[in-house]
Structures are given as structure tokens and as C-alpha cells.
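Chemist: kindly return the folded structure for what I paste below:
(2 chains)
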Amino acid sequence: MKTKTITINILAVLVLMMPFSLMAQSDWKVSDAKRKDSNPIAYSDKSVKAGKVVFLANCKSCHGDVGKNNGLPLIPKPTDFGEQAFHDANTEGSIFHKITDGRATMPAYGAILSEQQRGDVVNYIRSFDANFKPTASAQVVETPKSNDTEVGAPYFLEVKVDEANSEVSAILMGTFNGAKAPVVDAEIFIGIKRYFNNLPIMEAGAITNEEGVIKAIYPADLPSGEKGIGELVVYVVDQEKFGELNQSAELKLIATHPSHFSETRALWANRGNFPIWLLVTYLSMVLIAWGVMGKVVMNLFKIKKIGN
Amino acid sequence: MSESLSKEQAKKLVDKYAEDAIRPMKNHKGFLPWMGFLGLVMVVFGYAYYIQLTEGLGVTAMRDYVSWGLYISNFVFFVAVSLVGMLVSAVLGLAGQKWVKPITRVSEIIALGFVMVAGLVIITDMGRPDRFLNLFLHGRLQSPIVWDVTVITTYVAISTLLFILPLIPDLAFIKKKMKDMPVWQYQLYNILSLGWIGTPEQYKILHKSIRMLSIIIIPVAMAIHTVTSWLFASTLRIGWDTTVFGPYFVAGAFVAGTAAVIIVMYILRSNYKLQDYFTDHHFDMMGRLLVLVSLLYAYFNINEFLVPAYKMKTGEAVHLHTLFQGAYAGLFWVVQIIGMGLPIFFMIFKHWRKPNNLTFIAVIVLIGAFLKRIIIVVPTLLHPHLPIQNVPDEFHKYMPTWIEVAVTAGAFAMALMIITILLKIFPVIPMWELAEEKGITEEFEKYD
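Modeler: All right, here's what the predicted structure looks like:
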């Protein structure tokens, strides 16, 4: 038994040390042939935007926000793609293959994301490379740059609830030349308040569109108490840029809580709703037992009386 | 045996009863060292419990997975042993089994000692015993815990009455017979004997009262262990989620209790020369009784495991695997085979129902009964319904800390102390009942 535990412990330690040993081997290099591969998806503004959505949904949880160096404290540490050194050392091909094949704690996304999605992510990552020059053909298809970079503080977050369609829309506006203008490509969290955390209802990686709008459908049949009211929580994720922008709203949900169960006299109901049949059974059993004992004690007094 | 005993023979017999009953109460050799030992255990218990009270239940090995460990196993075991009072004095007594007469008081004393401590053991499992009162102030009457508290209190009261009532004529007798006892003891006997003068009318009332108690204690004792089993069975948990738990627990209680009585009988017999009361015949009969209740228990064991093993629902399969082949297989098979199967087999032969051999078996059965409670409580808790992620390794197994062991030892010491003191103060031989059986009640009451 004991040796078995020790063996398991040793194995566990070995498995846990694998990432260390891999890190110790060398930097993560892909073969030369793969290095020279080009990204199957052409660089374009549209692709970068799509890549951002995929990145937020799949990569952000470990790598953090680009340029903020706030990835998870894993070993080896997930790269922050804002670092120029990364871009200098990696070609499009190597980024694409690293995403596709994965290594150690990094999953192989070849099985999870389509080629299009992986290519979009490469383009998104590449957009942070200061020395990156998209090919001429790519520049042609590039759409005119949106004005989001020029829209600045103060920002305004607005929430609209469409009860008929169970749809929530959040609109993020900023100020441009003294007038309100939509903020594009901003990540916004939309969720429903729970006891310990919020239940996200937006699509993972969703960002605001050209109108600064992000939409989400909420499940109206969430367990929601007797009154069927839930609390909607909306906030902009990037606090550094936008500041603390929160909104909340009341959501009318379908009252799924079967209130009549707690109101009837049931075993699981509260003290006041103790079932009468059980009360009668319980009390009569207690009374019978203690009644018999009372009668016996009376008999004892009788015995004593005779003795006197 | 016959009513034709001459006056002289009757007097001689009463003489003998008195001598034999008073001897264990006076013989102090070994009493003080024994109590000293128990006291020492209690001191260790006190220290351990002090640590638990000040530092919290974190000092035990109970964690998120196994939140009921040794303490609840103890509780179930103590309640189980205490049921023997009902089995011997009520069930066998009412069934007209005359041979149990000398054993009734032993079993009542064991019942009383163990059920009193059972109530305390459950408090050691509470992290905040100061909130115990909340159970009465805010308890829901729907809760099996509240039923448990009620039924244990009731059983303590009935057991106390059923212990004291048959003592009345004996105490009146001893009051006259023991001249050199301290004043407090005389006062105690004087109060408890209720001015007993032994008139036929008093006898009639006494018999009637004992009979009433014997009848009422049967459902109450059944209830106490059924409710204890409901603490488990009404929880939606693999391994406990079964309808057989009530009778299963009661049957198991009879096994543990009978074994305990055999052990105490043997200690009294060999230390105080009470061979005339706890005869080979009594051991033989207790052995038969133990076989009977063990077979009953085996039947419930088969029910408990065969039905889920036949269906093998996923959760049950995991649980059964843990018991049959997994981490608890060693303990499980030891308990089932050595603690139950082999004793049944051996006790079928008369040779193994002789005092020495039977006591040996009873000790093993009692230890098995204790371990069985751990098997009921712990392994099922190791498989929670909700998978919890990133659980620390120590949550996956349970091994009691020294604090839990010390508190457990303290509980046993407490029960043994109560039993020892009761045996010292009160005559363990029911003299008047034996006299009555011999038809010499008159001689017994007129004796001086």
C-alpha cells in the first residue's frame, strides 16, 4: 500500500516536471520547412478582427491581454504577443504551426480551430509586430481603418433589454470631436448575477461591432426564484483603456421556482410548514413513550405509599 | 427448581445470593488501578478535546470529502451496543426465556453506559458545541437529527427506569444486609428502594411496571437505531441510499451488543467467582443468540450488497469496487469474514460456545462491529456526487488524527467508567428474581 503511494507520488512528480524539462531543452522551434510556410489566410483588417474574436475566446485565458503582460503564471510562461522579440524570432509559418500542433500545456488547436480561424489568429498576432509589412495584395483588400482609435474618453456604456426576444444589447460610445461616436472592437462582458460569480451569456470573444454594439441572447428559463427576476451585469473588460464602466439592469425571467412546494406542508419545507401527519405521528409516539414512563413513575409512588 | 425447598435450604440459598451479590461490590482489588487507567485516558481525552475546541475541527482528518469520520462511526457503534438492553431484558424476557434472568442486569448496565456516552459522542463531532442548544431552539421537526435527539433521550430515560425498577427489592435487601457501607451509599439505597417492604401488592405493581417498560422499550430501541440509520439513508448518497438500512442497523446492533454482554459476563465471572450465575449454560445460550443475530445480520449484509452489485449502476459500481477490490477491500473483507463469517461458522460447534472460546470470539466480533461502522461511514463519502476540481490529495483519503483517536478512546473510557461504577454500587445479581424463580420470595423478604 505504502510503496504503491510512493510510486504514484514519484510518477506524479515526474509528470508535473515535464514542462520544466521541455523548457530546459531549448526554445520552441519548428522545423525549417514549416518556418517558411506562409499564412494560408491573407492579411486583412477583416481577418485581424476575426482573429481577435477567436483569440479572446481561446487564447486570452492563458496569454492574457496583448501588451499587458498579464498572462497566467504558468511554466513556461505564456508569451505576451506585444513583445517585439517574439515577432522577431517567429515567422508567420512558425506561429501557425505552433498554434496547430501545440506543446506541453499549450493545446494543439489543429483539432479545435479551423484553418481559417488559425490563420485569422496569426494575422491578429502579426498586427502587433512593428516590423510586419503585409504584402501589397493584402493592403489592397484592407478596408478603411475604423475610427475607434480616435474615439476617446469620456466613454458611455448603455444597456438595452428586448424582453420579447430575450435579447440584451450593450452599446459602447466614446467621444470624437465633442460628439458621441461608437467604439469598435471593444470586449464587453454580459452576464447574469449569481451568488458567487456571474453567468456569462455573451459569446466568448465577442466584441463590439461598427455601431459599438454587442448583442446576447439570454436564457429566459434560468432558475430565478419566485418572482422571476434576474440581475443583468454588463461591464467593459479593458478597464485600463476605458475605466470602470458598469451597467446593470433587471431581467424578467420565467419564474421557474416552484414556490408552491415550499408553501405546502412538506418534509423539506421550513419549520412552520411541518406536515401534520408527521407532527401527529411524532408527537403521539413521544407522548406514548413518555406517558408509559409517567405511569411507571406513578406506580413507584404507589409502591412507596404501601411501604409507608 | 422446586417449591419444596425447606426453610433451611431457602435461607442458605438467600445467604449465598447475598454473599455473591455483595462480593463484587466490595472486592476493590484492581478497582483503583483500573479506574486510574480510565482516568488517565480521560485526561488525554480532555487535552485532545481542548485542542479541538480551541483550534476547531481542522485538527481532525475530516475534510470536504470525508466530513463524517471516526466520530460518527463511534456514535453509531455506541448506539448499537446500547440496544442490547432491549434485546436481552425485553425481547428475551417477554419471550419467557428464564435463563436470561442473571444476565438482564449486566445488559441493562451496558445499555445505560453506552447510550449515555452515545449522546456525548455526537457532541464531539460538533465544531461549535455551544450551538447545540440551537437544535432545540431552531430545529426542524422534519429533521432526522431532531428525531435522533428525541429518541436517544427517551431511550436513556426508559433504560434508567428499567435499570432502577428491578433493583428496588434488592436495594431494600442490601440496605439491611450491608452493615459497613458509607452513609451516602445507605442514603442512596434508602431513597432508591422506596420504602420497599415486599408485600404481594408491591410485587404486583413492580411486575406490572417492569412489564410496561419492557414492552415500550422495544419500539423505542428499534426507533433509536432506525432513526440513526435514517441519518444516512435519507441522504441521497451511493452506499447509503437504500431502504434496508433500518433493520440492517438494528440487526448489527444486536450483534455488537450481544458480544459486549458476553465479554462483561466473562470478566465478572472470572474476577468475582460468579460461575453459579454466569454458567457454561449461559455462555452456550449467549453463543446461540450471537449465532442467530449474526445470521440475521449476514442476511442484511447480503441484501445490502447483492442488490446494487446485481444492477451495477455506475455510481454503485465505483463504490462497490472500492469496498470489494479497492482501497477499503482489506478492511471490508476482514470485517465480513473474520468479524462475521468465521464466528458464525465456529460458534455452530458447541466447543466454541464454552466461556473462554466464546469470549475470544466475542472480542473479535466486537472489534469487527466497530470497524464495520467505519466501513459504512467513510468509503461512501469518498465518492461525492459533484466532482470537485483541483482537490488537495489529502481530501481523497481519510486517516484519523491522534486527536480523533484520543477522543474516541476517551468515549470508550467514559462508557467503561460508567459501567464499572454502576457495577460497584449496584448488585449485579438480581437476587429477588432468582429467589422468586425458586419460590422463596417470602424467605427473601423476611431475611435478616
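
Chemist: can you name the residue of the stretch 201-308 of chain A nearest chain B?
Modeler: Ranked by CB to the nearest CB, the top residue of the stretch 201-308 of chain A for proximity to chain B is A:G307, at 2.8 Å. Heads up, the C-betas are built off the backbone N, CA and C, glycines and all.

Chemist: what residues are up against the closest residue to that residue other than its chain neighbours?
Modeler: In space, and not counting its chain neighbours, A:G307 is closest to B:G195: 2.8 Å by CB to CB, 6 or more residues apart in numbering or on different chains. Contacts of B:G195 were listed using CB atoms under 8 Å, 6 or more residues apart in numbering or on different chains, and they are A:303-304, A:306-308.

Chemist: what does B:R353 give?
Modeler: B:283-284, B:286-288, B:347.

Chemist: for B:V146, state which of these is nearest.
Modeler: In terms of CB to CB, no member of these lies closer to B:V146 than B:M286, at 35.9 Å.

Chemist: what distance do you get for that closest one to chain A?
Modeler: Per CB to the nearest CB, to the nearest Å, B:M286 is found 28 Å from chain A.

Chemist: what number of residues lie near that residue?
Modeler: 27 (other CB atoms under 10 Å in any protein chain shown).

Chemist: these two touch, right, it and B:I103?
Modeler: Yes. The criterion here is CB atoms under 8 Å, and B:M286 meets it with B:I103 at 7.4 Å.

Chemist: common neighbours of those two, please.
Modeler: Contacts common to B:M286 and B:I103, judged by CB under 8 Å, 6+ apart, are B:261, B:265.

Chemist: what comes up buried for stretch A:154-167?
Modeler: Going by neighbour count (16 or more other CB atoms under 10 Å in any protein chain shown), the buried part of stretch A:154-167 is A:155, A:157, A:159, A:161, A:166.

Chemist: so how far is the longest helix along chain B off the chain centroid?
Modeler: Counting by DSSP state H, the longest helix found in chain B is helix B:200-233. From the chain centre to the centre of helix B:200-233 is a distance of 15 Å (CA atoms, centre = their mean, to the nearest Å).

Chemist: ditto for stretch A:180-194
Modeler: Distance of stretch A:180-194 from its chain centroid, counting by CA atoms, centre = their mean, is 14 Å.

Chemist: returning to that earlier point: out of the contacts of B:G195, which are inside helices?
Modeler: Using DSSP H, those in helices are A:303-304, A:306-307.

Chemist: show me how to select, in PyMOL, the buried members of these.
Modeler: Selecting only the buried members of the ones in helices among the contacts of B:G195 in PyMOL, with burial defined as 16+ other CB under 10 Å, works like this:
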select buried, chain A and resi 303+306+307
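
Chemist: reformat the ones in helices among the contacts of B:G195 as CSV; add distance to B:L5 and pLDDT.
Modeler: As requested, the ones in helices among the contacts of B:G195 are exported to CSV (distance: CB to CB, whole Å; pLDDT from 0 to 100):
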residue, distance to B:L5, pLDDT
A:I303, 27, 90
A:K304, 31, 90
A:I306, 27, 87
A:G307, 27, 82
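
Chemist: pull the most distant pair out of the ones in helices among the contacts of B:G195.
Modeler: Farthest pair in the ones in helices among the contacts of B:G195, by CB to CB: A:K304 and A:I306, 7.4 Å.

Chemist: would A:K180 count as being in a strand?
Modeler: Yes. Judged by DSSP: H, G, I helix; E, B strand; the rest coil, A:K180 forms part of a strand.

Chemist: quick one: residues contacting it.
Modeler: With CB under 8 Å, 6+ apart, A:K180 has these contacts: A:156, A:173-174.

Chemist: can you do 7 Å?
Modeler: For A:K180, the contacting residues are A:156, A:173, by CB atoms under 7 Å, 6 or more residues apart in numbering or on different chains.

Chemist: likewise B:F75?
Modeler: B:118, B:121-122.

Chemist: what's the answer for A:K304, then?
Modeler: Contacts of A:K304 by CB under 7 Å, 6+ apart are B:194-195.

Chemist: go on, the one 4 residues further on?
Modeler: For A:N308, the contacting residues are B:G195, taking CB under 7 Å, 6+ apart as the criterion.

Chemist: picking up where we left off before, widest-spaced pair of the contacts of B:G195?
Modeler: A:I303 and A:N308 (10.0 Å).

Chemist: quickly find the element holding the residue in chain B that chain A sits nearest to.
Modeler: Here the residue of chain B nearest chain A is B:G195; by CB to the nearest CB that distance is 2.8 Å. Using DSSP states H and E, B:G195 maps to neither a helix nor a strand.

Chemist: tell me how far it lies from B:I168.
Modeler: 10 Å (CB to CB, to the nearest Å).

Chemist: now B:I205
Modeler: 10 Å.

Chemist: neighbour count for the two, which is higher?
Modeler: Neighbour tally, B:I205 and B:I168, criterion other CB under 10 Å: the higher count belongs to B:I168, 25 against 19.

Chemist: assumed the more buried one was part of a strand.
Modeler: No. Under three-state DSSP, B:I168 falls outside any strand and is assigned helix.

Chemist: mind listing what it touches?
Modeler: Per CB under 7 Å, 6+ apart, neighbours of B:I168: B:192-194, B:196, B:206.

Chemist: all set now, cheers.
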